[in-house]
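J.: Dropping a prediction and its sequence here:
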Amino acid sequence: RYTWKQYSASIAISGIEKRNNNGEAAMLNLLKAKTQQTEQSLKDRMNRNAFGNGTGNGSKDLTGLAAILPTDTGTTLGGISSSTYTWWENYKGTSSSFAANGIDTMRTAVNTVTFGNDKPELLLTTQTIHEYYEKTLQPQERFTSNKVADAGFENITFKNIPIVFDRDCTA
């Protein structure tokens, strides 16, 4: 069980903005722009909170990955104790450096949490780790057409699972 979370924001139009946007069309354009800015601010905040532990803002923030995937063992999440129900314990893989054993750590993590056809659908990581992994793939890069040759990758996968990075993802 989880407590409900709610995000909100105010949109304010100052007197000078009101004066500089005379007319109904100008005010609607201003309100539309302010609404888009506010929506983006809320998206950014929710994305940052998605990687947190939910205790910020008086515990009103989202229950993020730091709470869902804690580094310690025997934690309780959503009312379920991983000490009592060991299947609830998350898998933790560690690597001293990606160059030394990053691929092995990724392989073990994916294999450990895969049960038959039930496997991870997304691998989420930091930009640094994503770039390390991408670098390991470059020797295998092949161009079949001069017209579409590209030094970068559009999509990166590991065991056919997409790997993406997020700037707010913590190491």
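T.: Cool, the structure landed.

J.: Number of residues surrounding the closest residue to residue 165 other than its chain neighbours?
T.: Leaving aside its sequence neighbours, residue 165 sits nearest to residue 130 (Cβ to Cβ, 6 or more residues apart in numbering; 3.7 Å). No exception for glycine: its C-beta is placed from N, CA and C like everyone else's. Using other Cβ atoms under 10 Å, residue 130 has 18 other residues around it.

J.: Tell me which other helices or strands the helix or strand containing residue 130 touches.
T.: Taking DSSP states H and E as the definition, residue 130 sits inside helix 127-137. Here helix 127-137 touches helix 98-113, strand 161-165, going by 3 or more Cβ pairs under 8 Å, 6 or more residues apart in numbering; DSSP states H and E.

J.: residue contacts, the residue nearest to residue 165?
T.: 156, 163, 164, 165 (Cβ atoms under 8 Å, 6 or more residues apart in numbering).

J.: Likewise for residue 113?
T.: 91, 119, 120.

J.: Tell me how far it lies from residue 47.
T.: 24 Å (Cβ to Cβ, to the nearest Å).

J.: I'd like the contacts of residue 113 as JSON lines, with secondary structure and distance to residue 66 appended.
T.: Output for these, formatted as JSON lines (DSSP: H, G, I helix; E, B strand; the rest coil; distance: Cβ to Cβ, whole Å):
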{"residue": "91", "secondary structure": "coil", "distance to residue 66": "16"}
{"residue": "119", "secondary structure": "coil", "distance to residue 66": "24"}
{"residue": "120", "secondary structure": "coil", "distance to residue 66": "19"}
